[in-house]
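what follows is a predicted structure for the sequence shown.
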Amino acid sequence: MRSPLYYSGLTALALSLVSTPALAGWKLIPNQQIATVDGAKITPITDWNQSGTRPGKLGRVWTKDGMSLNAFEVFSGIPHGMGLYREVNKKTNPMPKFDKSILLPELADFFERSFRASNRLSDFQQIKAEPGLLGGHRALVLRYQFTNHHDELTRIGEARLAVVSGKLYVANFHAPALHYFEDRIGEVRTMMDGAKF
Amino acid sequence: MRWITAIATALAFCGQANAASKSKEFTRPPFSGAYEPAGVDERGLWMLMDEEERSVRDSPTILNDPQLRDYLTGILCKTVGFDRCNTARIYIVKDKSFNASMAPNGFMRIHTGLLARVFSESELSAVLAHEFAHFELRHSLGKFRNIRRSTDVLAWVSLAGAVTNTNTSALQNSIVLQIFSYSRENERDADLLAAAYIRSSPYPMHFAQIWSRMSEEDNANREERKQRKISRFAPGPTDSHPTNAQRFVYLAKLEAEEGAQEGDDGASEYRAQTSRILPELYSALVMGNEFSGADYVIRGRGDRLGWDSLLLTTRGDLYRQRGNPRDLVTAQAFFQKATQDEAAPPEAWRGLGLTSLRIGETAVGKTALQQYLTRQPNAKDAASIKMLLED
């Protein structure tokens, strides 16, 4: 009869083999070090993990516990005519394109349409849209709520959207309303305040 | 017992679809109520669906509007009879797609996208009756058993082929395709039983036009995406439903029969009941990036039920979101028309203000946005609109 330690060793080995390919797609973003995310510079307060998969052509996503529990997205310098997120299905669910003539309050609608298309959402509500700052630039701060059909969990998000020299800059954080959003939003707001473009 | 009678009646009905549908004397099968599932398969299905219903009931994707739910239940009751409709529990799902479903244990899901695309009680009654017919005919159970039987046969055929070194792929394909064919038969049976329910209800039969509109909406989207339009009559081998064109033809034939158009279609009541929640019904469509399809649906409601300020605002928002210079002009016209109504939603002034500013009519835009804030001082975007006014 083998000892329990033997089986735990085997399990650990099996898990490490299984998780190796997944780790390959992630990069550690160490705390207190300036991270360059395309055209933006962000200083995280704690360690984050950057996914190797981009949410959009000019975007990156960071997470602490997995994207379904907390996701911090940064998009920098989206030019006129480009979509915010990656096309999910260009033919049946096309991504709206950024228009540099859009007014600040309308950025909320643009974000909603993009986010809905990217996540195939039917349930999305804007809670509050008010002026604020993103990296020192005038921005729209949008608080929203949505539900994915596959897990039916209520999630809350906060996005800051700014148009600088005709290009769109977005920092967006979303997490389940239960615990995860409030747990990280303070740190995320500090990162948004300190972002540089 | 209820089921045996129901199935016997339905099979007799389906077998002689034309003969039965021509008869105006359709009698609903007797109904005893409080049915309990029989047999291990049915009990298992019900158990799964009971669990599913608990999750749906508490889901944030459900539109919790008791008034609307009662209204829909009332339409179902008028259509299938007050005795049997009490077996159904209706849940309104926030989903932009045109869909409804009924589980074998009697819970029915109706998407907001369906409510946005039908324009009268009679049209809605057709869809509800169709779903109820699936329930009454126990199609879920039949499908489950058919799939299990077919996949069992498939496994044996595959094994026999391997043992005898014979190519059985053609036979295997035909077994798989039979599953889809069975599903199409179920849909057609449910359509025909639904038609019979409607004939014995106070509603006129308005079923076929729903499918012709679905085809037109699909083609509007295809045209926008520069895709080939589809107007198939024969279904593909893996289609789970008859084609829209096919359904239109056999349902239009039933609708043309004598007496099928008698009764009040309940369009004005439907308009009144759904106008109250119009933004809930159309917001996902307006924000859904399928401009032509959404415009087709909104236009359909306007042409059928009349253009009120709420619907004009919805259409204005659709054009404003696309935001081509020509769209902004069109949107502005919709908002202007909407704001002529004193009772228009505050969003009509918001839309007028934003489009006017983008067109370059600053004074008009700022006045409209002031109006928006006066009418809705606590609007969710009030602070950002104020900032725009201060620029």
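The structure has been received and is ready for your questions. Numbers count the residues shown, from 1 in each chain, chains lettered A, B, ... in the order given.

check contacts around B:P279.
B:P279 makes contact with B:310, B:314, B:345, according to CB atoms under 8 Å, 6 or more residues apart in numbering or on different chains. Placement of C-beta: from N, CA and C, glycine included.

please produce JSON lines containing those, extended by pLDDT, secondary structure and neighbour count.
Listed next are the contacts of B:P279 as JSON lines, based on pLDDT from 0 to 100; DSSP: H, G, I helix; E, B strand; the rest coil; neighbours: other CB atoms under 10 Å in any protein chain shown:
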{"residue": "B:L310", "pLDDT": "96", "secondary structure": "helix", "neighbour count": "19"}
{"residue": "B:T314", "pLDDT": "97", "secondary structure": "helix", "neighbour count": "28"}
{"residue": "B:P345", "pLDDT": "97", "secondary structure": "coil", "neighbour count": "22"}
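
from these, pick the one nearest chain A.
The nearest member of the contacts of B:P279 to chain A, counting by CB to the nearest CB, is B:T314 at 13.3 Å.

pretty sure that closest one sits against B:S275.
No - in terms of CB atoms under 8 Å, B:T314 does not count as a neighbour of B:S275; the distance is 10.9 Å.

what about chain B, any weak spots by pLDDT?
Residues of chain B meeting the criterion pLDDT under 70: B:1-34.

what about the residue lying farthest from the centre of it, distance to chain A?
In terms of distance from the mean C-alpha position of chain B, B:T164 ranks first, at 49.3 Å (CA atoms, centre = their mean). Distance of B:T164 to chain A, computed by CB to the nearest CB, to the nearest Å: 40 Å.

find the nearest non-adjacent residue to residue 85, please.
Since you didn't name a chain, this refers to chain A. A:S118 (3.8 Å; CB to CB, 6 or more residues apart in numbering or on different chains).

let's do chain B instead
B:C77 (3.8 Å).

give me the buried positions along the lengthiest helix in chain B.
If each helix of chain B is counted by residues according to DSSP state H, the longest one is helix B:169-199. By neighbour count with 16 or more other CB atoms under 10 Å in any protein chain shown, helix B:169-199 contains the buried residues B:172, B:175, B:179-184, B:186-199.

packing partners of that helix?
Helices and strands touching helix B:169-199, by 3 or more CB pairs under 8 Å, 6 or more residues apart in numbering or on different chains; DSSP states H and E, are helix B:2-15, helix B:17-22, helix B:66-80, helix B:121-136, helix B:139-164, helix B:244-255.

6 Å instead?
helix B:2-15, helix B:121-136, helix B:139-164 (3 or more CB pairs under 6 Å, 6 or more residues apart in numbering or on different chains; DSSP states H and E).

contact partners for the spatially most central residue of chain A?
Centroid-nearest residue in chain A, with CA atoms, centre = their mean: A:E73, separated by 2.5 Å. For A:E73, the contact set (CB atoms under 6 Å, 6 or more residues apart in numbering or on different chains) comprises A:55, A:59, A:61, A:172.

how many neighbours does the residue nearest to B:C85 have?
If you count neighbours by other CB atoms under 10 Å in any protein chain shown, B:C77 ends up with 17.

just B:G44 next, same as before
For B:G44, the neighbour count with other CB under 10 Å is 13.

what's the answer for A:K167, then?
19.

same check on the one 4 residues further on?
Look at A:A171: counted by other CB under 10 Å, it has 27 neighbours.

how about B:M214?
15.

and stretch A:50-66, what's buried?
Residues A:50-51, A:54-56, A:58-64 are the ones in stretch A:50-66 that count as buried (16+ other CB under 10 Å).

of all pairs in the residues you listed, which one is the farthest apart?
Using CB to CB, the buried residues of stretch A:50-66 span at most 22.8 Å, a distance reached by A:L58 and A:K64.

is it true that A:E87 touches A:K97?
No - the criterion here is CB atoms under 6 Å, and A:E87 misses it with A:K97 at 10.7 Å.

quick one, phi/psi of A:E152?
phi 50, psi 30 (degrees, to the nearest 10).

skipping adjacent residues, who's closest to it in space?
Leaving aside its sequence neighbours, A:E152 sits nearest to B:S59 (CB to CB, 6+ apart; 4.5 Å).

picking that back up, ok, so of the contacts of B:P279, who is nearest A:G83?
Among the contacts of B:P279, and counting by CB to CB, the member closest to A:G83 is B:T314, at 24.1 Å.

for that closest one, what are its contacts?
B:T314 touches B:282, B:298, counting by CB under 6 Å, 6+ apart.

mind running it again at 7 Å?
By CB atoms under 7 Å, 6 or more residues apart in numbering or on different chains, B:T314 lies in contact with B:278, B:282, B:286, B:298.

next, format those as CSV and append distance to chain A and neighbour count.
Listed next are the contacts of B:T314 as CSV, based on distance: CB to the nearest CB, whole Å; neighbours: other CB atoms under 10 Å in any protein chain shown:
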residue, distance to chain A, neighbour count
B:L278, 16, 20
B:Y282, 12, 28
B:V286, 9, 25
B:I298, 16, 22
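
any chance of these in TSV, plus secondary structure and distance to A:L69?
Shown next, in TSV, are the contacts of B:T314 (DSSP: H, G, I helix; E, B strand; the rest coil; distance: CB to CB, whole Å):
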residue	secondary structure	distance to A:L69
B:L278	helix	35
B:Y282	helix	32
B:V286	helix	31
B:I298	helix	38
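
specify which member of the residues you listed is nearest to A:H80.
Once CB to CB is applied, the member of the contacts of B:T314 that ends up nearest A:H80 is B:V286, at 22.7 Å.

right, and the closest one touches B:D295 too?
No - with contact defined as CB atoms under 7 Å, B:V286 does not reach B:D295; the gap is 9.6 Å.

which residues of chain A lie near chain B?
Proximity of chain A to chain B, by CB under 7 Å from any CB of the partner chain, involves residues A:91, A:93-94, A:96, A:99, A:101, A:103-106, A:108-109, A:112-113, A:116-117, A:122-123, A:126-131, A:140, A:147, A:149, A:152, A:154.

just the buried residues from these, in ChimeraX please.
In ChimeraX, this line selects whichever of the residues of chain A next to chain B come out buried by 16+ other CB under 10 Å:
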select /A:94,96,103,104,105,106,108,109,112,113,116,117,122,123,128,129,130,131,140,147,154
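
show me the residues of chain A next to chain B that map onto strands.
Among the residues of chain A next to chain B, DSSP state E puts A:123, A:126-131, A:140, A:147, A:154 in strands.

which ones are touching the residue positioned nearest the centre of chain B?
The centroid of chain B falls nearest to B:L114 when counting by CA atoms, centre = their mean (2.7 Å). For B:L114, the contacting residues are B:98-100, B:127, by CB under 7 Å, 6+ apart.

so of the contacts of A:E73, which ones are in strands?
Counting by DSSP E, the part of those found in strands is A:59, A:61, A:172.

in three-state terms, label the residue nearest to the centre of chain A for me.
strand (DSSP: H, G, I helix; E, B strand; the rest coil).

lowest-confidence helix or strand of chain A?
Across the helices and strands of chain A, mean confidence by mean pLDDT, DSSP states H and E is lowest for helix A:4-23: a mean of 48.

hmm, A:R116 is touching B:M287, no?
Yes - using CB under 7 Å, A:R116 is in contact with B:M287, at 5.5 Å.

how near is the residue farthest from the centre of chain B to B:S174?
Distance of B:T164 to B:S174, computed by CB to CB, to the nearest Å: 18 Å.

which element is A:N49 on?
strand A:48-51 (DSSP states H and E).

try B:R109
Using DSSP H and E, B:R109 falls within strand B:107-111.

does chain A sit close to that strand?
No - Strand B:107-111 lies out of reach of chain A by CB under 7 Å from any CB, never closer than 8.3 Å.

contacts for the host helix or strand of B:E51 next, please.
Element membership for B:E51, per DSSP H and E: helix B:39-57. Under the criterion CB under 7 Å, 6+ apart, residues B:37, B:62, B:91, B:103-105, B:107, B:109, B:140-141, B:144-145 lie in contact with helix B:39-57.

I figured B:T243 hits B:R232, correct?
Yes - contact criterion CB under 7 Å: B:T243 and B:R232 qualify, at 5.0 Å.

please say which of these two ends up with more neighbours.
Comparing B:T243 with B:R232 by other CB under 10 Å, the one with more neighbours is B:T243, at 19 against 12.
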